[in-house]
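Visitor: using only what follows, build the 3D model:
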Amino acid sequence: MKTATIPLEERIIFALDVADPREALALVNRLAGQIRFFKVGLQLFFAGGWPVIDHIVRKNCKVMLDLKLYDIPATVRLAVQQFADRGIALTTVHGYGPVVEAALAAESGVQILAVTVLTSFGAEQIKELNYQGSVDDLVLQRAETVLKLGCHGVVCSAREATLLRQRLGQDFLMVTPGIRPAGADLHDQKRVATPGQAIADGADYLVIGRPIRDATDTDACIKAIQREIAAALT
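Guide: Down below sits the predicted model:
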């Protein structure tokens, strides 16, 4: 899909970061009129498994299965093969070359996103790795590697979006977590951006959870974010 044709109601990928599958299903039922894309991560997948995925698909919504797979290549390939024919649009693996190659080799029909550097990762963690460069350098290095392998896109913070678009072009999907509307609590995120800034800088999809889930007026919050996205797109 060309990114310019992504419907507005799919630009937000709502993060179903809850432990109770019943709460997750209730959130999908509540939000599906305004948001048509949902992220299922490790916590919810371990708690609710495939029935949660199936429920989202039955609502004619899209699923991003965010398990951030990282294992020996054979195991990753076999795992991603399990995602075929489940209605999953996007799934994530860590941005390590052999892992990405294995996920692509599964030929599951699911678009593979490589996680470059987690948005909770900062300069302090870079020092712990003894990496001789900045977070931006590491993100760019990993993104360039996985895209050359044929990966469909990357997960990165919005702060690296402009750099990646300038250096690597437009022909890949960019999903950005760590999105916080102006004034929202940052929680455990370090590299964050507002929705409009992220889209203007090159993001295709925005992963947003707590700011919407915890809003006093959820509908108004979603509409405000979507207006901001629409303005940035024009």
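
Visitor: all the helices of this protein, residue numbers only.
Guide: Using DSSP state H, the helices of the chain run over residues 8-11, 21-31, 42-58, 73-81, 97-105, 123-129, 135-148, 161-168, 195-200, 210-213, 218-233.

Visitor: name the helices or strands packed onto the second one?
Guide: If I follow you right, that is helix 21-31. strand 37-41, helix 42-58, helix 218-233 (3 or more Cβ pairs under 8 Å, 6 or more residues apart in numbering; DSSP states H and E). All C-beta spots, glycine's among them, are computed from the backbone N, C-alpha and C.

Visitor: quick one: contacts for the residue lying closest to residue 77 once chain neighbours are set aside?
Guide: Excluding its sequence neighbours, the residue lying closest to residue 77 (Cβ to Cβ, 6 or more residues apart in numbering) is residue 102, at 4.3 Å. Counting by Cβ atoms under 8 Å, 6 or more residues apart in numbering, residue 102 touches 73-74, 76-77, 80.

Visitor: any chance of those in TSV, with distance to residue 117, neighbour count and pLDDT too?
Guide: TSV is the format used below for these (distance: Cβ to Cβ, whole Å; neighbours: other Cβ atoms under 10 Å; pLDDT from 0 to 100):
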residue	distance to residue 117	neighbour count	pLDDT
73	21	16	98
74	26	10	98
76	19	24	98
77	24	20	98
80	22	25	98
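
Visitor: buried stuff in the worst-scoring helix or strand of the chain on mean pLDDT?
Guide: Counting by mean pLDDT, DSSP states H and E, the weakest-scoring helix or strand in the chain turns out to be helix 123-129, with a mean of 71. Of the residues in helix 123-129, residue 126 count as buried by neighbour count, 16 or more other Cβ atoms under 10 Å.

Visitor: do stretch 85-105 as well
Guide: Those would be 86, 88-96, 99-104, for stretch 85-105 by 16+ other Cβ under 10 Å.

Visitor: and residue 66, how far is that from residue 126?
Guide: Per Cβ to Cβ, to the nearest Å, residue 66 is found 23 Å from residue 126.

Visitor: residue 208 now?
Guide: 26 Å.

Visitor: what pairs with the residue most central in space within the chain across the strands?
Guide: Residue closest to the average C-alpha location in the chain (Cα atoms, centre = their mean): residue 175, at 4.6 Å. Applying DSSP bridges to residue 175 gives these bridge partners: residue 155, residue 205.

Visitor: wouldn't it be in contact with residue 154 here?
Guide: Yes: the pair residue 175 and residue 154 qualifies as a contact (Cβ atoms under 8 Å) at a distance of 7.4 Å.

Visitor: identify the contacts common to these two.
Guide: Contact criterion Cβ under 8 Å, 6+ apart; residues shared by residue 175 and residue 154: residue 113.

Visitor: pipe the helices of the chain into a markdown table and attach distance to residue 180 per row.
Guide: Below are the helices of the chain laid out as a markdown table (distance: least, Cβ to Cβ, whole Å):
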| stretch | distance to residue 180 |
| --- | --- |
| helix 8-11 | 16 |
| helix 21-31 | 18 |
| helix 42-58 | 20 |
| helix 73-81 | 31 |
| helix 97-105 | 28 |
| helix 123-129 | 19 |
| helix 135-148 | 18 |
| helix 161-168 | 15 |
| helix 195-200 | 9 |
| helix 210-213 | 6 |
| helix 218-233 | 11 |
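
Visitor: need the winner for burial among those helices.
Guide: The highest mean neighbour count among these, using mean count of other Cβ atoms under 10 Å, belongs to helix 195-200: a mean of 23.
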